[in-house]
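**Student:** sequence and predicted structure below; questions after.
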Amino acid sequence: MPNMTAGHAVVESLVNEGCKYAFGIVGVSFLDIADGFYGRNDIRFITTRHEQGAACMASAYARISGEPGVCLATGGPGAANLVGGLYNAFMAQAPVIAISGAAGQGSTYREAGQELDHVPLFRPITKLAMSIPRAERIPELMRHAFRVAMAGKKGPVFIDFPTDLMQKRTIDADILPPEVYRAHQRPAGDPALVRKAAQLLRQARHPLLIAGGGVTESGATQEAVELAELLSIPMVTSYRRNDALPNAHGLYVGPYGPRGAAETATLSARADVILAVGTRLQGFANYLQSGAVSRDARIIQVEIDEKEIGRNCPVHVGILGDAKSVLLSILEALRAEGAEGGDPAWRREAEELKAKRRQRLNAEGRISGTMISPRRVYAELRKVITPETVMILDAGACAAYGYDRLDFQTPHTFISPPTGGLGYAIPEAIGAKLARPHSPVIAINGDGGFLFNAQELETAVREKVPTITLVMNNNIYGSEKALQQAQFGDRFVGADLTNPRFDKLAELYGAKGYYVDRVEQLAEVVKIAMSNEVSSVIEVPVDPNDMPRGGGGG
Amino acid sequence: MPKITAGQAVVESLRAEGCKYAFGIVGGTFLEILDAFYDQKDIKFISVRHEQGAAFMADGFARASGIPGVCMSTNGPGATNLITGVYAAYVGHSPVLAISGAPAREVMYRDAFQEIDHISLFRPITKLAMSLNKSDRVPEMMRHAFRVAMSGKKGPVFVDFPRDLLDRVSIDAELQPPTSYRTHQRLPGDPALVRQAAQALRSARRPVIIAGGGVTESGATQQVVELADLLSIPMITSYGRNDAVPNEHPLYVGPLGRGGSPEAGELCAKADVILAAGTRLSNFTTYYDNRYISKDARIIQIEIDEKEIGRNYPVTLGIQGDARTVLRELLEGLRAQGAEGGEPPWRREAEGLKAKRQQRMAAEGRLTGPLIKPQRVYAEMRKVITPETIMVLDAGACPAYGYDRLEFHRPRTFITPLDLGGLGFAFPEALGAKLGRPDAPVIAIHGDGGFLFNVQELETAVREKIATITLVMNNGVWGSEKAYQAAMFGDRPVGSDITNPRFDKLAQLFGANGFYVDRVEDVGDALKQAMASDLPSVIEMPVDPKELPVPARVLEAERR
């Protein structure tokens, strides 16, 4: 068994899982681990300017690549700075390994320098939080961290390393191949339930397919499309999961949910059988209440997490399993029976609603006025975004328009914050670009969120990771101003902002900055940005009165 | 009883305590509380650009003014962004109220939008974390939050408000003044222990007073000085607490501990009796070993927190009590006995060490070279800093020099991360401090590594006209860590080099003053210009990347 320093064993465990990047800020409490990166060309340590940036980069890298992301911070304040980004990773089901140094075992409970009880802090926002009790257990516990992060519904795992366990310690490091120490199996659905689901779908007059994050995660897009085509089932994507299905497909109607396309609600109200694959059906109770889903509709839910089946609405058939496996079994069952077709009238209804949505979106391409409408901005963007472009939405009003105004054809090309937190998009774009270096990556911000982590532009320029950031600037915290107006009238508190010129800010960081105040020039500027070898920031002043219905939220 | 909205009740509770500001970012889950600010004249909501800025500002305000600081966020990601700043208040024993909205109770445990277990997150970093469970309990819970934050050893308290308990709800407003709902008593010391302490000090041959944060918090500076004068006892200060006693006093030798004065260390190591007033004698002051605190020294520890007495060093006398009250009792007892004097050789030794420190610092005023040395920057700064100036240090190598190169003359003029050691602290803390003490000049000292963490608050500073001065010593490295790496691993730096935008131009872009000073003799003038401006200022100075303090933990290891 090879002998190496404890710190190097940590890095070996990361490399062993194919991790190519680790994002963080070096700190005295994890220097032994940092030293493990020196001179390696299989994994690169990327220094960020705030640990929140590191957590967001690791999370986005994981969400786009499907592989685990890694972030590192020093114990105490560095680790505390990871919390927000890891919470978002947790809600996004992104596998992230978060590593921090920690006060030596010799000084815990003495309230000494940078001491912080990390494990209880990280417990609510990770799948698992651990503190290494003995250096010899590092390889074993790193394996467990990956096992937990990558199993079932993925998510972040936090581990801290007390400094006195690490300092100049060498251990036997048994580095094993991942196939040996964690499951790679895809759980299949119960065959009886699969048959029941197949039967329901065959008999349905107005079936509807809702594809969620589980479809993307499982790589089940193709199977979902095959099933839809087999029985002419109209398709929609669940909230924030627009990239689960190819939006150009004739049967795809639009994104579902309160931020989605209203046309999809018209469709779902008429559905008699709903196949919900890889989605928690969050908010479904509201749809039932409001009539967006009929109370007589029978729901088939396919989900990998047993805690989510039937949680948000009663299900007729609840199939616990991996989306791809289950869809394949359903397809098999249907093909064995020679099933095919579907109600042409229902198909036409869906196609009309799809067309209606397209018309609505196209009409926004003709919006003009003294001030630029965010909706027109999206229409211009649609002209130049390619199928492989990765889009990242921040939270906020202007970004929220994006949920129903962008087209996606490829899985793993859409990131937005499940926690609705401002400021993650800029660092997420860096992680996403490293995961898909040949794809353009565009982050969409409002001015409210832009400054949260703008300092990571320095990271992007230094590390030569060219991202594109579009900032729609209306000089307000738009979501909240809209909510204040709705609830309290014109009594605004804390909603108005001023801002530096973001294009000039970008240039100070060594990126390219563009200020576009004539919207017809936007498409051209985005194209130029896509070919730039350095990061770009495009500022577009927009109309502060142009708000999505009900504010924006996340 | 009059009825007010639940949101108004929250804000009235803040007003009752004299809170002047609440720092935060608007959010859907606490709009009821926000709306209550609209009609207020005594307390203002200040919008920031990242909730981390809000928490640090609240902490800086509290440290400078002694009045509780307040920060607010929406739930979920807004609340998580408060964590590091609340943790700073926790280690700084600073009274901060952190308030956050929370999702309506009917969506709890449904993984609802922005739902997260705030209480568990804030528990490790607060004195108390609570969630409102009934609307009519708002006044009572807010009172309890202040009761806990302001009593004994102070610290932050977190409260969240499920939005359905506030939305469009009115309650009976049974508001009370603080004197009726929490103690303002100062704890006296046990008389027998005080008598024994007086005895021990009278018979000491080489006594030393270590004055800590408790002296400042308690307003006991004058009493410490009187005691030092009465018995000719040299004074030193604990880590980050240089402002506990007036540094110009002839009996003040220097700051003890990490990054501190070796002269103070030398003095302390010889002491036979140590009066540790309002200090935990913690890691950064003492390294927990006997390099400064001799095994033979008899320690008299005065501490408000019973958990700290005898915790790090065995005490001969452990007096639980308020520093000012106990020191007054001590002085009374000594004067009644007609005690006075002290050993002239010991006093001379102390004065000699003080002079040695002053000479060392003055010599740094003559450092020259092609690249600016941080030590020289401090020498130039000392020429223009006034006694009422508040200095705020960030973490990092260049700010660390400040622990032994600044002179303090008044209490509450020195703010540092203390045991937090976190980067990005100084700039927003300075903003809060300036609002807490608007007539004092406030100077934050950063390295380039830490300055960008919360640079976005430049927009807040300009918008709200908070005229602090930020000096950024730029050496293009995470200096502390690079020094550690070199000391511990040799020439194998990982992740320690960074590049930077021009900080002066960045400041100007935000509408602040920006200065670039590359001749060290010009920094005094830049500071004076900045001090005369009513806009915030950033002064960038390129400094020598090779000039790094010897890493503290390396020193620690060497001594073992």
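**Tutor:** Good, I have the coordinates.
**Student:** B:F161 belongs to a strand?
**Tutor:** Yes - counting by DSSP: H, G, I helix; E, B strand; the rest coil, B:F161 is found in a strand.
**Student:** residues near it, how many?
**Tutor:** As a burial measure, B:F161 scores 26 neighbours (other Cβ atoms under 10 Å in any protein chain shown). For the C-beta atoms, the positions are set from N, CA and C on the backbone; glycine is no exception.
**Student:** is it true that it touches B:V10?
**Tutor:** Yes - counting by Cβ atoms under 8 Å, B:F161 does reach B:V10; the two are 7.2 Å apart.
**Student:** now the common contact residues for those two.
**Tutor:** Shared contacts of B:F161 and B:V10, defined by Cβ atoms under 8 Å, 6 or more residues apart in numbering or on different chains, comprise B:I33, B:I99, B:V138.
**Student:** relative to B:L132, how far out is the residue nearest to the first one when sequence neighbours are not counted?
**Tutor:** Distances taken as Cβ to Cβ, 6 or more residues apart in numbering or on different chains place B:G7 nearest to B:I33, at 4.5 Å, with adjacent residues excluded. When distance is defined by Cβ to Cβ, to the nearest Å, B:G7 is 12 Å away from B:L132.
**Student:** more neighbours: these two, which one.
**Tutor:** Set B:G7 next to B:L132 and count neighbours by other Cβ under 10 Å: B:G7 wins out with 23 against 20.
**Student:** show me what the helix or strand hosting that one is packed against.
**Tutor:** Following DSSP states H and E, one finds B:G7 within helix B:6-16. With contacts taken as 3 or more Cβ pairs under 8 Å, 6 or more residues apart in numbering or on different chains; DSSP states H and E, helix B:6-16 sits against helix B:31-35, helix B:138-150, helix B:163-166, strand B:170-172.
**Student:** one more time with 7 Å, if that's ok
**Tutor:** Secondary-structure packing of helix B:6-16 (3 or more Cβ pairs under 7 Å, 6 or more residues apart in numbering or on different chains; DSSP states H and E): helix B:31-35, helix B:138-150, helix B:163-166.
**Student:** who wins for neighbours among the shared contacts of B:F161 and B:V10?
**Tutor:** Counting neighbours by other Cβ under 10 Å, B:I33 comes out on top of the shared contacts of B:F161 and B:V10 with 29 neighbours.
**Student:** spit out the contact partners of that residue.
**Tutor:** Neighbouring residues of B:I33 by Cβ atoms under 7 Å, 6 or more residues apart in numbering or on different chains: B:G7, B:V10, B:V11, B:M72, B:L166.
**Student:** can you give me the helices in the stretch 101-250 of chain B?
**Tutor:** For the stretch 101-250 of chain B, the helices defined by DSSP state H, counting those that start in this stretch cover B:118-122, B:138-150, B:163-166, B:178-181, B:191-202, B:213-218, B:221-231.
**Student:** quick one on the thing from earlier: what does the helix holding B:G7 contact?
**Tutor:** Under Cβ under 7 Å, 6+ apart, the answer for helix B:6-16 is B:4, B:22, B:32-33, B:35-37, B:40, B:42-43, B:70, B:135, B:138-139, B:142-143, B:165-166, B:169, B:171, B:173, B:175, B:177-178.
**Student:** what's the angle from it to helix B:138-150?
**Tutor:** Relative orientation of helix B:6-16 with respect to helix B:138-150: 30 degrees, computed using axes from the mean of the first three to the mean of the last three Cα atoms, to 10 degrees.
**Student:** give the pairing partners of the helix or strand following helix B:6-16; include direction for each.
**Tutor:** Using DSSP H and E, the next helix or strand after helix B:6-16 towards the C-terminus is strand B:21-24. Strand pairing for strand B:21-24, determined by DSSP bridges: strand B:44-47 (parallel), strand B:69-73 (parallel).
**Student:** off-centre distance for the longest one?
**Tutor:** Read it as strand B:69-73. Put simply, strand B:69-73 sits 17 Å off its chain's centre (Cα atoms, centre = their mean, to the nearest Å).
**Student:** for it, buried residues please.
**Tutor:** Within strand B:69-73, the residues scored as buried using 16 or more other Cβ atoms under 10 Å in any protein chain shown are B:G69, B:V70, B:C71, B:M72, B:S73.
**Student:** how near is the fourth one to A:L406?
**Tutor:** From B:M72 across to A:L406, the span is 33 Å (Cβ to Cβ).
**Student:** same thing with the first one?
**Tutor:** B:G69 sits at a distance of 42 Å from A:L406 (criterion: Cβ to Cβ).
**Student:** cool, B:D172 as well?
**Tutor:** Counting by Cβ to Cβ, the gap from B:D172 to A:L406 is 50 Å.
**Student:** neighbour-wise, which of these two wins?
**Tutor:** When B:D172 is set against A:L406 and neighbours are counted by other Cβ under 10 Å, the residue ahead is A:L406, at 23 against 12.
**Student:** mind checking the SS state of that one?
**Tutor:** Taken by three-state DSSP, the conformation at A:L406 corresponds to coil.
**Student:** over to A:A112?
**Tutor:** With three-state DSSP as the basis, A:A112 sits in coil.
**Student:** what's the neighbour count on the nearest residue to it once chain neighbours are set aside?
**Tutor:** The spatially closest residue to A:A112, leaving aside those adjacent along the chain, is B:N283, at 3.7 Å (Cβ to Cβ, 6+ apart). B:N283: 23 surrounding residues under other Cβ under 10 Å.
**Student:** isn't B:F489 up against A:G36?
**Tutor:** No - judged on Cβ atoms under 7 Å, B:F489 makes no contact with A:G36 at a distance of 10.4 Å.
**Student:** which one's more surrounded, those two?
**Tutor:** Ranked by neighbour count (other Cβ under 10 Å), B:F489 and A:G36 place A:G36 first, with 26 against 17.
**Student:** who's in contact with the residue in the stretch 251-400 of chain B that chain A sits nearest to?
**Tutor:** Using Cβ to the nearest Cβ, the closest approach of the stretch 251-400 of chain B to chain A is made by B:N283 at 3.7 Å. By Cβ under 7 Å, 6+ apart, the contact set of B:N283 is A:S107, A:R110, A:A112, A:G113.
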